[in-house]
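Participant: build me a model:
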Amino acid sequence: RECVEAGRHYGCSVAVDLLGLPDPVAFAASASELGVAWLDVHCAIDQQMSGADPLALIKAVRAVTDLTLAVAGGITSETAAPAVEAGADVVIVGGAITKAEDPAAATADIRKASDTGRPVESKLFKRATAESIREVLQTVRTSDISNGAHSQPCLDGVRQLIPGTFACGPAVTVWAPPGDFAKPVQAIDVAKPGEVLVITTFGLPPAIWGELATESAGNKGVAGLVVHGAVRDTAVIRERGFPVWSTHVCSHCGEPKGKGEINVTIEIAGQRIAPGDWIVADDDGVMVLPAERAVEMANRAADVMEAENRIRAEIRDNNSTLAKVVNLQRWEQEAGGGPRVG
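Facilitator: Residues are numbered from 1 along each chain as shown. Here you go, the predicted structure:
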């Protein structure tokens, strides 16, 4: 109320962002009595990264007020039209324009969608849910995931066998003694199509995987293999194109003694991997996305990728350099020592 009165004193209208209110719909219902001019339904960045959108709240707020209603937070050319249909009078857009390689074209698409009520398809700026996480993860790379997760490291020492291969999917985990290939082979039958086998023999040979296991995994639709240990028959694996990451390659294997476990929590390079955690592996390494954080990590990775797309476009279109585009000079310290205070 004090803000509204101050606004009147200076001849200003007051808008209220509903972000963070415990009951935004209840406030919206009484906002006009307070003299508020318009309301903003705002989907916070943390909510966006968890796969949320503001559409349901827009509908609920519109049902209780006739005030001008704005929407912000994760709006794209695909969601602008549904937001208007839900009751938004004003569409506020940030990243879908500022991170677009062609901001003018992106703006035009969003305006077209808002005016016509028909979404304009966009390949970027889509946020994952638990149901669509694979679609998003297939567009990013492990470096994007690392950047979005505050430089989380990949699994140290685990190397790609076939350059250019990529795998992502929920983990089927296995531990077995070095050379005992019984549980790793049995895990193929446990795995569902699109899942990734993650096996530890504690980083030691002999091999627990070869050409026959590869043939079996391919038939089952397994998305890839990560071995904290040794594989062999690599020429055949390369010929088949099956995505494999391992710490060792050797010619000899052990005997199937049946020791070990399938789908239990294991540890590789200091990182715990539980059944169902998401695995993304590419030329740079293997990243683990804990199941409870996988959607958020996927969306933050997509956010990183989108920002870098814009930087790349500025470097290319302006014949510039990375240091100039991101203004690295602002981080330079003055000559003569450490950070300046004051």
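
Participant: how distant is stretch 59-69 from the center of its chain?
Facilitator: 32 Å (CA atoms, centre = their mean, to the nearest Å).

Participant: for stretch 142-152, same thing?
Facilitator: 9 Å.

Participant: CA atoms only for that stretch, dumped as PDB, please.
Facilitator: C-alpha atoms of stretch 142-152 as PDB (Å, rounded to 0.1, in the frame of the first residue of the first chain):
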ATOM      1  CA  THR A 142      29.500 -32.800 -21.200                       C
ATOM      2  CA  SER A 143      31.300 -29.400 -21.200                       C
ATOM      3  CA  ASP A 144      27.900 -27.600 -21.000                       C
ATOM      4  CA  ILE A 145      26.800 -29.900 -18.100                       C
ATOM      5  CA  SER A 146      30.000 -29.100 -16.300                       C
ATOM      6  CA  ASN A 147      29.700 -25.400 -16.800                       C
ATOM      7  CA  GLY A 148      26.100 -25.400 -15.700                       C
ATOM      8  CA  ALA A 149      27.000 -27.400 -12.500                       C
ATOM      9  CA  HIS A 150      29.800 -25.100 -11.300                       C
ATOM     10  CA  SER A 151      32.600 -27.000 -13.100                       C
ATOM     11  CA  GLN A 152      31.600 -30.400 -11.900                       C
END
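
Participant: now do it: everything it contacts.
Facilitator: With contacts defined as CB atoms under 8 Å, 6 or more residues apart in numbering, stretch 142-152 is touched by 153-154, 280-282, 284-287, 289, 297-298, 300-305, 308. Using the backbone N, CA and C atoms, a C-beta is placed for each residue, glycine as well.

Participant: just those: which are in helices?
Facilitator: Per DSSP state H, helices hold the following members of the contacts of stretch 142-152: 297-298, 300-305, 308.

Participant: which of those are buried?
Facilitator: Buried subset of the ones in helices among the contacts of stretch 142-152 (neighbour count, 16 or more other CB atoms under 10 Å): 297-298, 300-305.

Participant: quick one: which of these is nearest to Glu332?
Facilitator: Of all those, Val304 has the smallest distance to Glu332: 24.0 Å, by CB to CB.

Participant: all strands for the stretch 151-300 of the chain, in order.
Facilitator: Along the stretch 151-300 of the chain, counting by DSSP state E, counting those that start in this stretch, strands occupy 159-160, 167-175, 196-207, 224-231, 244-249, 261-262, 266-268, 271-273, 278-282, 285-289.

Participant: redo those strands as JSON lines? Include mean pLDDT, mean neighbour count and distance to Ala96.
Facilitator: Below are the strands of the stretch 151-300 of the chain laid out as JSON lines (pLDDT from 0 to 100; neighbours: other CB atoms under 10 Å; distance: least, CB to CB, whole Å):
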{"stretch": "strand 159-160", "mean pLDDT": "98", "mean neighbour count": "16", "distance to Ala96": "33"}
{"stretch": "strand 167-175", "mean pLDDT": "98", "mean neighbour count": "23", "distance to Ala96": "25"}
{"stretch": "strand 196-207", "mean pLDDT": "98", "mean neighbour count": "23", "distance to Ala96": "32"}
{"stretch": "strand 224-231", "mean pLDDT": "98", "mean neighbour count": "26", "distance to Ala96": "32"}
{"stretch": "strand 244-249", "mean pLDDT": "98", "mean neighbour count": "23", "distance to Ala96": "34"}
{"stretch": "strand 261-262", "mean pLDDT": "98", "mean neighbour count": "16", "distance to Ala96": "43"}
{"stretch": "strand 266-268", "mean pLDDT": "98", "mean neighbour count": "19", "distance to Ala96": "37"}
{"stretch": "strand 271-273", "mean pLDDT": "98", "mean neighbour count": "17", "distance to Ala96": "34"}
{"stretch": "strand 278-282", "mean pLDDT": "98", "mean neighbour count": "25", "distance to Ala96": "24"}
{"stretch": "strand 285-289", "mean pLDDT": "98", "mean neighbour count": "24", "distance to Ala96": "24"}
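
Participant: so which of the ones you listed gets nearest Ala313?
Facilitator: Closest of these to Ala313 is strand 278-282, at 22.6 Å (criterion: CB to CB).
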